[in-house]
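Student: Pasted the sequence and its predicted model underneath.
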Amino acid sequence: MELIGARWRKSSRSSGNGGNCVEVADNLPGVVGVRDSKDPTGPALVFEPAAWRAFVAHVAERA
């Protein structure tokens, strides 16, 4: 799936020193893209928005 028009962003908790980060694009209709910040031209995972919200909520519970 092409993620044309995706606006990628890093977590506000990501460090600025090139650490292991993911970027998320949640501006596309019907999908949320996730990619490795160290490989921006590499593959991206695509989730339905509800699945992404459930994942983020689950991670937040564990933090």
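Tutor: Okay, I see it.

Student: Please count neighbours and contacts with C-alpha atoms only from this point.
Tutor: Fine.

Student: List the contacts of stretch 30-39.
Tutor: Stretch 30-39 is contacted by residues 3, 6, 10, 18, 20-26, 42-49, 52 when judged by Cα atoms under 8 Å, 6 or more residues apart in numbering.

Student: where do the strands sit along the chain?
Tutor: Ranges of strands in the chain, per DSSP state E, are 9-10, 22-25, 32-36, 44-47.

Student: which of those strands is buried the deepest?
Tutor: Neighbour counts (mean count of other Cα atoms under 10 Å) averaged over each of those peak at strand 32-36, with a mean of 21.

Student: Note down every partner strand of that one and its orientation.
Tutor: As defined by DSSP bridges, the strand partners of strand 32-36 come to strand 22-25 (antiparallel), strand 44-47 (antiparallel).

Student: Could you export it as PDB, CA atoms only?
Tutor: C-alpha atoms of strand 32-36 as PDB (Å, rounded to 0.1, in the frame of the first residue of the first chain):
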ATOM      1  CA  VAL A  32      -2.500   4.500  10.400                       C
ATOM      2  CA  GLY A  33       1.000   3.900   9.100                       C
ATOM      3  CA  VAL A  34       4.000   3.000  11.300                       C
ATOM      4  CA  ARG A  35       7.600   2.800  10.200                       C
ATOM      5  CA  ASP A  36      11.200   2.700  11.500                       C
END
